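**Q** Next input, structure requested:
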Amino acid sequence: MNTASQTIRSTSTLSLISIVALTFFGYLAIGLPLAVLPTYVDSSLGFGVVWAGIAVSTQYVATIVSRAHVGRLCDQYGPRRSVFLGFLAYGLSGALTIASTFTIQVPAASLALLLAGRLALGIGESWVSTAAITWAIGLMGSRETVRIISWNGIATYGGIALAAPFGAWLQGQYGFFAIGVVTIILAVAGFMLAQTRPPVPGVKEKGIGTGQVLSRVTPYGIALALASSGFGVVMAFVALFFHSRGWEGASFALSAFGLAFMGVRLGLAQAVARFGGLPLVRISLVIEIIGLAALALAPSPTVAIIGAALAGAGFAPVFPTLGNEAMERIPPQNRGVALGLYSIFLDVSLGSTGPIAGLVADHLGYAAPFSFGVGAVLLSLILSFCLRRNGSR
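**A** Sure thing, here's the model as predicted:
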């Protein structure tokens, strides 16, 4: 029986890896420009720190708009169609990025094309990542939700961790043009992988209304949004922070965040089963606060990299654990919509964090966004004590 159980578990893990690999390809494309995009917009195009923050956050605008729509399509028609459309959007993003490099002598036109590419990237992100989670739950069952979301997050931040330094190298060797080329290659690879995965049919039965779904996930979504501000400021401002101090190694800070995130996610399902979701979230938020504070006060790049790692480790359990609590309150017919709506809170947080923290940095310096993140995560911690399993007080 033990051998049979191990065989089933191994097969299940391989099946899960084959699905979350779709997310991995997508987030490789997302991670490529992260270490170089802010300074590219700030210095090469000359638009300043606020527009640098807007450029990072623009993709989340498209992600916000498309999340709920992709959830409905996944529920009705299955997730494969959404994944195909998502990788087409990734390919378009790569093409627009390439086009922006040919108009660099007209900075406004170059920025417009670059922002359009960021919008396409955001559509690709929401369609592929949401559909991949729905696809895996359809194949493996809702009991595996925490593990599925956790491993999907490993694919997400693993892609960022690997792609950020590679993107910096690409730009250094071949220019910003090369990032667009590699994005197209990743889109083609993801599209081809999706064709090999077994399909999951849509669910035809009606569930509860979208308004009811939203009301059930909102308490958990607000806590997620506040906690995600810490992630947002690290992604948007680590490169500028290092540059302002004259330090090397911004890409390694992004990698430290991603690697710490992955390490925590690997054992998250067992930790949730042992300690419970909400207690684990509260401990994690404290760790995230410590990491962001270390970044804000860092006297050296080594301390800043350690702070980024702590922030990544602290943020790691938040999305899957709060998401699992929310999904338990949703009927199966609405889980795609619920996942999309829940993810919108993350997108709104990331979409607004860049510009807001950019204004803070413009007035108070490049360490200030991390202090802003500390305050937001602290509010999430306070809210987490108002939540209880399967409901909110």
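**Q** Now for Gly211, how many residues are close by?
**A** 8 (other C-beta atoms under 10 Å). For glycine as for every other residue, the C-beta is placed from the backbone atoms N, C-alpha and C.
**Q** what about it, helix or strand, and which?
**A** Using DSSP states H and E, Gly211 sits within helix 210-245.
**Q** In contact with Met262, which residues?
**A** Shown in contact with Met262 (C-beta atoms under 8 Å, 6 or more residues apart in numbering): Gly153, Ile154, Tyr157, Gly158, Ala161, Ala316.
**Q** could you give the mean pLDDT of the helix or strand hosting the second one?
**A** Assigning secondary structure by DSSP H and E places Ile154 in helix 145-174. When pLDDT is averaged along helix 145-174, the result is 84.
**Q** how near is Ala304 to Gly358?
**A** 19 Å (C-beta to C-beta, to the nearest Å).
**Q** For the most centrally placed residue in the chain, give me its contacts.
**A** Central residue of the chain (C-alpha atoms, centre = their mean): Thr156, 6.2 Å from the mean position. By C-beta under 8 Å, 6+ apart, the residues touching Thr156 are Thr23, Phe24, Tyr27, Ser129.
**Q** Enumerate every residue touching the last one.
**A** In this case it means Ser129. Thr23, Gly26, Tyr27, Asn152, Thr156, Ser343.
**Q** Let me know how buried the fourth one is, in neighbour terms.
**A** Other residues within reach of Asn152 by the criterion other C-beta under 10 Å amount to 24.
**Q** secondary structure element for Gly46?
**A** Residue-wise, Gly46 maps onto no helix or strand under DSSP H and E.
**Q** Please name the nearest non-neighbouring residue to it.
**A** Spatial nearest neighbour of Gly46, excluding adjacent residues (C-beta to C-beta, 6 or more residues apart in numbering): Pro107 at 6.1 Å.
**Q** didn't that neighbour look like it was pressed against Gly48?
**A** No - with contact defined as C-beta atoms under 8 Å, Pro107 does not reach Gly48; the gap is 11.5 Å.
**Q** if we can go back for a sec, need the next SSE after the helix holding Ile154, C-terminal direction.
**A** Next element after helix 145-174 (DSSP H and E): helix 177-195.
**Q** how about that next one: buried residues?
**A** 177-180, 182-184, 186-187, 189-191, 193-194 (16 or more other C-beta atoms under 10 Å).
**Q** okay if I get these as CSV plus distance to Gly117 and pLDDT?
**A** Below are the buried residues of helix 177-195 laid out as CSV (distance: C-beta to C-beta, whole Å; pLDDT from 0 to 100):
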residue, distance to Gly117, pLDDT
Phe177, 12, 89
Ala178, 14, 92
Ile179, 10, 92
Gly180, 8, 91
Val182, 13, 95
Thr183, 8, 95
Ile184, 11, 96
Leu186, 14, 95
Ala187, 12, 95
Ala189, 19, 94
Gly190, 17, 93
Phe191, 18, 92
Leu193, 22, 92
Ala194, 22, 90
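**Q** Reformat the residues you listed into a markdown table and put distance to Gly209 next to each item.
**A** A markdown table is the format used below for the buried residues of helix 177-195 (distance: C-beta to C-beta, whole Å):
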| residue | distance to Gly209 |
| --- | --- |
| Phe177 | 47 |
| Ala178 | 47 |
| Ile179 | 42 |
| Gly180 | 41 |
| Val182 | 42 |
| Thr183 | 38 |
| Ile184 | 40 |
| Leu186 | 37 |
| Ala187 | 35 |
| Ala189 | 38 |
| Gly190 | 33 |
| Phe191 | 34 |
| Leu193 | 35 |
| Ala194 | 31 |
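**Q** returning to what we had before: distance from the helix holding Ile154 to the middle of the chain?
**A** How far helix 145-174 lies from its chain's middle: 10 Å, per C-alpha atoms, centre = their mean, to the nearest Å.
**Q** Same question for stretch 14-33.
**A** That offset, for stretch 14-33, works out to 11 Å (C-alpha atoms, centre = their mean).
**Q** Can you report the mean pLDDT over the residues of it?
**A** 89.
**Q** Now it - C-alpha only, PDB.
**A** Listed next in PDB are the C-alpha coordinates belonging to stretch 14-33 (Å, rounded to 0.1, in the frame of the first residue of the first chain):
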ATOM      1  CA  LEU A  14       4.700  14.900 -12.300                       C
ATOM      2  CA  SER A  15       1.300  15.900 -13.600                       C
ATOM      3  CA  LEU A  16       1.300  19.000 -11.500                       C
ATOM      4  CA  ILE A  17       4.800  19.900 -12.700                       C
ATOM      5  CA  SER A  18       3.700  19.600 -16.300                       C
ATOM      6  CA  ILE A  19       0.900  22.100 -15.800                       C
ATOM      7  CA  VAL A  20       2.700  24.600 -13.600                       C
ATOM      8  CA  ALA A  21       5.500  24.600 -16.200                       C
ATOM      9  CA  LEU A  22       3.100  26.700 -18.300                       C
ATOM     10  CA  THR A  23       3.200  29.400 -15.600                       C
ATOM     11  CA  PHE A  24       7.000  29.000 -15.400                       C
ATOM     12  CA  PHE A  25       7.400  29.900 -19.100                       C
ATOM     13  CA  GLY A  26       5.100  32.900 -18.600                       C
ATOM     14  CA  TYR A  27       7.000  34.200 -15.600                       C
ATOM     15  CA  LEU A  28      10.300  33.800 -17.300                       C
ATOM     16  CA  ALA A  29       9.000  36.300 -19.800                       C
ATOM     17  CA  ILE A  30       7.800  38.600 -17.000                       C
ATOM     18  CA  GLY A  31      11.100  38.400 -15.100                       C
ATOM     19  CA  LEU A  32      13.300  39.200 -18.000                       C
ATOM     20  CA  PRO A  33      12.900  43.000 -17.900                       C
END
